Every structure is written in C-alpha cells, then in structure tokens.
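[1] Sharing a model that was predicted from the sequence below.
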Amino acid sequence: MYKAFLIKYAEIAIKGKNRYIFEDALVDQIRYQLRNVEGTFKVVKEMGRIFVYPQGDFDYEEAVEAMKRVFGIYGICPAVVLEDQGFEQLSKDVADYVKKVYGEKSLTFKVNTRRNKKTYPMQSMEVSSELGSVILDACPNMKVDVHNPQVTVNVEIRNKIYLYSENIPGPGGMPLGTNGRAMLLLSGGIDSPVAGYMIAKRGVTIDAVYFHAPPYTSERAKQKVIDLAKLVSRYAGPIRLHIVNFTDIQLYIYDKCPHEELTIIMRRYMMKIAEEFAKKDDCLALVTGESIGQVASQTIHSLAATNEVCTMPVFRPLIGFDKQEIVDVALKIQTYETSILPYEDCCTIFVAKHPVTKPNIQVIKKSEERLQEKIEDMLKEAVETAETVLCEE
Amino acid sequence: MEAYLDNSATTRCYEAVKDIVVKTMMEDYGNPSAMHLKGVQAENYVKEAARKIAKTLKVQEKDIYFTSGGTESDNWALIGTAMANQRRGKHIVTTVFEHAAVSAPVEWLEEQGFEITRIPVDEQGNLSLDELSAAIREDTILVSAMYVNNELGALLPVEEVGSLIKEKNPETLFHVDAIQAYGKYRIYPKKMKIDLLSVSSHKIHGPKGVGFLYIGDKVKIHPLILGGGQQKGMRSGTDNVPGIAGMGEAAKIIYEHLDENTAHMRELKEYFAGELEKLENVVINGPEPSKGAPHILNVSFPGVRSEVLLHALEDKGIYVSAGSACSSHKRTGSASLGAIGLSPERKESAVRFSFSEFTSREELDYTLESLRSLLPMLRRYARK
C-alpha cells in the first residue's frame, strides 16, 4: 500500500541559510542506513520535504528500522501516493485508506490538507471538510475532533497526492557529519557506548580509543570492545577504533607512584593519549561515559583531576545520569547485552583497595614527577604502536 | 614457537580423520536412512564406526549410540535412566566434583524430586569408597562418576567401584563419564561392570559435535530426542555421518598405539612436573604426577592470577587453561578445585596443562623457559 515515506525533521528546519547542509547530510544518512535493506530506494529533497521512494518490492519493517537509526529524523510517515484523478476518486481512495488502516476502531480524527499545487480546483479547507464527511460515512465509529484528534489524516496535494496519517518517531537529534568529529574513550562497560551514541546523536562523527593491557586484559575483552564499536556504528556510522597497548605505562605507574593514586594517574595518561589521537583525527573534543560519583575515579574531585590534563573540551553526556537511566539507553540501542559479557579485566591488580576519592591535583602532579624519566617516550610509543580497526556493521 | 597444552579442552584431528570427514561430506554424502544406494553407502560408514568403537571396548556394536557429544551422552545417561527406572527408586549417587555435563542434569533431577547423594573426595581427588558403599541403598537406581577428572586428572578405580556397587545392589546402574579417559585407558564395560559410558570425539583427535553413549544390554533407558526413529528409536535425528565416521577412525587409531602414546605423555608429564617443582613457589594440585591420568597436570603459581598467566603465556604462543574463572566482580571458582579443598590463593592461581601424543619435549622446554621469565615479573605486580 505505502509507496513513499515522508521524513520529518523539525530541528533542522530552523537552521536558516545552513539548512541545505543539514538536509543534504540527512539525505546521505538515510541512503547510508538503507544500503543493506532489501529493496532499492530513491531518497529525494522536494520542496522542504525529504521523501524516500521504494522502487518496487521492499522490506517495510527493515526499512523503517533502518530509518529509525538516522539522527535528525523526528518522524517517519508512511504515505500512499495517488495520481490526481479528480476529487471523486480521491474521496474513494481516502475512504479505502482509512478503512484499511483503522477499520472498526473508534477514534477521533481530523483532516489536514496542504495544497502546494495551487491550480487544484478546491481550497484546502474545502478539501478537508469534504474528506471529513467522506471518512465519517465510511467509518461510522470515527468521530471528528479538530482540536485534539487521535488521528490526523494528512492530504498533501502536489503533482501527485500524498496521503498519510501515521507518524513513526525517529531518534531526533542532528544528522551525522553536521557537527564535526570527537574522540570517544571506549571501554567494555555499559556507559561509554551510550556516551558515544548520545554525542553522535547531535550530529558528531565519532572515533574511538580503547586501552588494552595484555596479559591483564584478554583478547576476548578486546574483541568485545570491537563488537561494541560495531553496535554503536549502526547509529553513528563507521568508527575508527584505536587500540592502544597500555600495559607498560600501567606497570611503570605501578612501580613509581603511590598505589592509591594509580587509577587517577592512569586515567590522566589515558586522556592525554586520547587527545593525541583526537588531534591526529581532526577531532575537536573528547567524549567519556563518566557520571558524577559512580565510582572512585568519577567523584567530582577525580573528574577535575583527570580533566586537568586535557586542552580539548571533554564531553560527558552521562554526567547527570543514574545507572538505571544509562542502562535504559544501552538496552534501547542494544549494546547492553554485549556490555555485560563477563570478560572483565584482571586489571583489579591496578585498583587499590582504597583509592583516593578526593585527589589533590598538586599531590598527583608531584607523584607524576617520578615518571619523568620514561613517560614521554612511553606515551609516544603507545600512540605509534596502536592498532586501528575500522568498525562498521 | 607454539605450544598447545590444552588437549583436555580439545585436540587436533588426525590426518586420517580429516580425510574420512571430507570423503563423507563430498563423495559419500547420502542420508544413511535413505533407501537408495547412496544411503546404503553412507550407512556403511556409520556401521563401520560402531564396529571400530565396539572393538576398543569389547562390546557389541548395537550397544553404541551416537550423540552430539559428551554433554548429550551424560545428559541422556542420567535423565534417560532416571525416567525409565523411577518406579524402582528415586535415589542417585554421584560425586562432588563431576563435570557440569553431569552435575547440571543431576541438579535438574534433584528439582524433579530425585534424591541425590554426592560423595566427597580427598585432597588428591580420591573418592571415599567406604562412603560410596554406604550410600548405595535398595532404592539407588544409578551411580554416576567420572573416570578421569577433567581438571585434576584424578583417577577413579573404576573396576573396584563397579564391583562395589553391584555387591551392594545388583540393580543399581553404573554410569561412567569417560570423556577424559577414553583413548588413554583400556576400558572394558563388561569386566568393569559399567552399564553406561559417555565418550566425546574431539578429545581423541576426532571432530567436534559428536560422541557416543555405550548402553549395556539390560539397561532400561528412555530416549531424550524423539523424531524420525533413527538408532532404533533411541536417538532420533539424521546420523552425523562425517562426525561419526571421523570419530570411529579416531577411536581406531588412538587404540592402535595406546601404550606407547600414554607412556610418552606420562614421561612428559613427570618431566614437566619435576622441572616445575624446581621453580620457586609452585604447587601441584590433585594426584601426584606419577599417579593420576597421564595427560593432565594441574599447577598453582601462588601470587599470580591464573587468567593473567594464561594470557601472558598466550602471548608467547602457549595455550593452557585456567583453573578458575577470574573476574573483578565475582569469583566463580572451579568445582573440582573447591571440592579438593584448595585455599583461595591456590585456586585463583591454578593452571591446567594437558598433553596429547602430539606434545613434544621441545614444547615443554619452551613453556618452562617462558614460565621462568614470566613468573618473577608477574609476581611483582600484585594488588595492594
């Protein structure tokens, strides 16, 4: 029945002269997401609207699922496309459509007409009220409510006539590629994939860095992070994942610094390394999955201490989230199942039983002085020897 | 260099096994249940495999039933006999350190109302025969025990246990999980009074996904898998011809050179254990190396988490298995290591080395050399 999808993208519409950039990006992203869906699709901009036209047979469910992953889409409206064969034929088609979609249901409705083709012999209001009575005749259980209808039957009269009433919510946000690039610190946990998703949702292209510490973390833990990056890439597009071997740096810190400061110092160096990759990849910000107070390294004092080494802005989209709120998003974007796989690191060796929760930056810096001899070379080597994997589903 | 010391997890296939698997996939690929010639040819592979296996056990071919592997064999032996004999009694005897393929169905039966007695083991993994004997009652329908413990290599005195069970109650069935023992020992069910015997193919250089259950003549057992009535209605499903043919071939080969191969493994194991004991702070778990199975050696390296050691060895191309699962949030120790009463420190640092006829002295020397260099480094980094 449906011959087209009308794509709604509220937020973009207010972007003034830059509007075409956002629209073009959105069209690209829709095409990208539909690339593996059964069927062929034409995606076009037409007079302030984006339409997706399936060419011949296609998998409706798959197509809708794919479009639900395109940031920037607020609504997906499956539409019936009709030739203009006079108002009588239109009345018949509208009646058939409403019967087919809503059947015997008792719902309130209104008809909303947009007449882009000004040569059409009737006025919009007239079309709406005429079609309203047509629907009332066809479906005796439907009632008119022009203020708060449960169903809005939209009729858009252009060269062809578009008929739609369903609005499948999209993810919202902004089209990918319209807001630059950022570097995500990705671990195997629940939070960081969600953080990546949330920043990507604002139109930011994501690259990622993962710190691998064999033999304290396993090959499976690394594979899990690659799998997570692939899951996030279903929304965020292809992700370049830099896998850094962090073992030597970790052991060096262990040897030289006070045990209860290990985590904070480690995280500071992780941020530094991530920033190196960010510069190489033309990123303008770092992204982490931190949330205030979740663990010792995420107290406000610890966050301040890790933040202090960065020159780029650090985005922490989950900063005010409770764990359950993060889990809810992880479930929605289907990273949760992978995140909870039990390939936990044996990194506990590097976690003090009682880590500092209120690190003093001056004290930490003092401790770091003990690393002076080798740390710069080690950081350089870690960046140079990293392995880069392109993660894409 | 690569050293594969995880042969209790799985083994490399024999060349001849590969050949027969390929042949039954590419040439003689008929369905053994089909009426035509192609079916008959395929059926011959299945019959031939049963013949080869039956010969190693000195039993009749008709008593060999093919399954999807050791786990299915164990499940079937337990649940199938429990269901078929429950009117006679609902008491089952097993041990505290069975593989999950036995302990999980046993737990399920317990939930279904069967009474379970689990016999303890000592520090070497020896079963208390007195307690076993005392546990067998009028209503005991089944005793299930493993021949060689998969983690420790501890050995069950099968013949003695068999006699002991039948003396106490001739009606009690004796199931032996021989997954780590078949291909290492000569097992004669009739002589040892074994009624049911589980075997897995991929532990004896055969393909994965196939195994068998020997079911003695007079054993009452229900099928678990119903369907097209293959294998006399006892285990439906199209016969896994490549797997079965491959397993038959592997069984034949492994028993042809049994004595020299087990002697080879025993020699390697004792050598390896001897060298390990020269290192500082290394403890052998379970039976003494000269006792126990010839191919399994369980060792603790206190102060080093077994998973960390496993990954450090992996980095050098050495493959072993960790005695306990490590995770930063929960510590699920292994059943066997807990059952013999190891301290948490020994449990968390336990590693299993397991050998096969393909294992060489060079691999062990390379492993020893790697351990000598790794252990001091790994021990330096401990949680404070």
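    Sure thing, it's come through.

[2] Next up, the contacts around residue 70.
    With no chain named, the answer covers chain A. Residue A:70 makes contacts with A:26, A:29-30, A:33, A:170-171, A:175, as judged by C-beta atoms under 8 Å, 6 or more residues apart in numbering or on different chains. (Glycine included, C-beta is placed from N, CA and C.)

[3] could you do chain B instead?
    Contact partners of residue B:70, counting by C-beta under 8 Å, 6+ apart, are B:99, B:101, B:177, B:179, B:198-200, B:203, B:211.

[4] Mind jotting down where the helices sit in chain A?
    Using DSSP state H, the helices of chain A run over A:19-34, A:60-67, A:87-102, A:124-138, A:191-201, A:219-236, A:247-256, A:262-280, A:300-307, A:323-332, A:336-339, A:361-369, A:372-384.

[5] Now do the fourth one and helix A:87-102, the angle between them.
    Read it as helix A:124-138. Taking axes from the mean of the first three to the mean of the last three C-alpha atoms, to 10 degrees, one finds helix A:124-138 and helix A:87-102 inclined to each other by 60 degrees.

[6] Which positions in helix A:124-138 come out as buried?
    For helix A:124-138, the neighbour count (16 or more other C-beta atoms under 10 Å in any protein chain shown) marks A:127-132, A:134-136, A:138 as buried.

[7] What's the mean pLDDT across that helix?
    Averaging pLDDT along helix A:124-138 gives 93.

[8] got JSON lines for the helices of chain A, with distance to chain B too?
    Formatted as JSON lines, these follow (distance: least, C-beta to the nearest C-beta, whole Å):
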{"stretch": "helix A:19-34", "distance to chain B": "36"}
{"stretch": "helix A:60-67", "distance to chain B": "33"}
{"stretch": "helix A:87-102", "distance to chain B": "43"}
{"stretch": "helix A:124-138", "distance to chain B": "52"}
{"stretch": "helix A:191-201", "distance to chain B": "15"}
{"stretch": "helix A:219-236", "distance to chain B": "7"}
{"stretch": "helix A:247-256", "distance to chain B": "6"}
{"stretch": "helix A:262-280", "distance to chain B": "9"}
{"stretch": "helix A:300-307", "distance to chain B": "19"}
{"stretch": "helix A:323-332", "distance to chain B": "14"}
{"stretch": "helix A:336-339", "distance to chain B": "13"}
{"stretch": "helix A:361-369", "distance to chain B": "15"}
{"stretch": "helix A:372-384", "distance to chain B": "16"}
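
[9] Can I get these in JSON lines including distance to residue B:305?
    Shown next, in JSON lines, are these (distance: least, C-beta to C-beta, whole Å):
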{"stretch": "helix A:19-34", "distance to residue B:305": "44"}
{"stretch": "helix A:60-67", "distance to residue B:305": "43"}
{"stretch": "helix A:87-102", "distance to residue B:305": "61"}
{"stretch": "helix A:124-138", "distance to residue B:305": "71"}
{"stretch": "helix A:191-201", "distance to residue B:305": "25"}
{"stretch": "helix A:219-236", "distance to residue B:305": "14"}
{"stretch": "helix A:247-256", "distance to residue B:305": "15"}
{"stretch": "helix A:262-280", "distance to residue B:305": "17"}
{"stretch": "helix A:300-307", "distance to residue B:305": "26"}
{"stretch": "helix A:323-332", "distance to residue B:305": "27"}
{"stretch": "helix A:336-339", "distance to residue B:305": "23"}
{"stretch": "helix A:361-369", "distance to residue B:305": "26"}
{"stretch": "helix A:372-384", "distance to residue B:305": "24"}
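
[10] Looking at these, which is nearest to residue B:256?
    Of all these, it is helix A:219-236 that lies closest to residue B:256, at 37.1 Å by C-beta to C-beta.

[11] What about residue B:178, how many residues nearby?
    Neighbourhood size, residue B:178 [other C-beta atoms under 10 Å in any protein chain shown]: 28.

[12] Kindly report the same for residue B:204.
    With other C-beta under 10 Å as criterion, residue B:204 counts 23.

[13] give me every residue that touches the closest residue in space to it that isn't next to it in sequence.
    Once flanking residues are discounted, residue B:204 sits nearest to residue B:183: 3.8 Å by C-beta to C-beta, 6 or more residues apart in numbering or on different chains. Residue B:183 sits next to B:203-205, B:250-251, B:254-255, B:258 when contact means C-beta under 8 Å, 6+ apart.

[14] Repeat that for residue A:62.
    A:37-38.

[15] Distance check, it against residue A:36.
    Using C-beta to C-beta, to the nearest Å, residue A:62 is found at 8 Å from residue A:36.

[16] could you give me the average pLDDT of stretch B:227-247?
    97.

[17] roughly how far out does that stretch sit from the chain middle?
    Chain-centre distance of stretch B:227-247: 21 Å, with C-alpha atoms, centre = their mean, to the nearest Å.

[18] buried residues in that stretch?
    In stretch B:227-247, residues buried by neighbour count (16+ other C-beta under 10 Å) are B:230-231, B:234-235, B:239-247.

[19] Repeat that for stretch B:125-144.
    Buried residues in stretch B:125-144, counting neighbours by 16+ other C-beta under 10 Å, are found at B:125-127, B:132, B:135-136, B:139-144.

[20] what's the span of it from first residue to last?
    Stretch B:125-144 stretches 16 Å from its first residue to its last (C-alpha to C-alpha, to the nearest Å).

[21] PyMOL command for the buried members of the contacts of residue B:183?
    The buried residues among those can be selected in PyMOL (16+ other C-beta under 10 Å) with this line:
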select buried, chain B and resi 203+204+205+250+251+254+255
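
[22] Among the contacts of residue B:183, which are located in helices?
    Filtering these for helices - DSSP H - leaves B:250-251, B:254-255, B:258.

[23] so which residue of chain A comes closest to chain B?
    residue A:215 (3.2 Å; C-beta to the nearest C-beta).

[24] tell me the contacts of that residue?
    So residue A:215 contacts A:247, A:346, B:308-315, B:378 (C-beta under 8 Å, 6+ apart).

[25] Over to residue B:239?
    Counting by C-beta under 8 Å, 6+ apart, residue B:239 has contacts B:32-33, B:42-43, B:46, B:66, B:230-231.

[26] redo that, cut-off 7 Å
    B:32, B:46, B:66, B:230 (C-beta atoms under 7 Å, 6 or more residues apart in numbering or on different chains).

[27] rewinding a little: deepest of the helices of chain A, which one?
    Ranked by mean neighbour count under mean count of other C-beta atoms under 10 Å in any protein chain shown, the helices of chain A are led by helix A:191-201, which reaches a mean of 26.

[28] any idea of the mean pLDDT in it?
    Per-residue scores along helix A:191-201 average to 97.

[29] Dump that helix to CSV, keeping only the CA atoms.
    Only the C-alpha atoms of helix A:191-201 are listed here, as CSV (Å, rounded to 0.1, in the frame of the first residue of the first chain):
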residue,chain,number,x,y,z
ASP,A,191,28.5,3.6,29.9
SER,A,192,30.9,4.6,27.1
PRO,A,193,29.0,3.1,24.2
VAL,A,194,25.9,5.0,25.4
ALA,A,195,28.0,8.2,25.7
GLY,A,196,29.2,7.7,22.1
TYR,A,197,25.6,7.2,20.9
MET,A,198,24.5,10.4,22.6
ILE,A,199,27.2,12.6,21.1
ALA,A,200,26.7,11.1,17.7
LYS,A,201,23.0,11.9,18.0
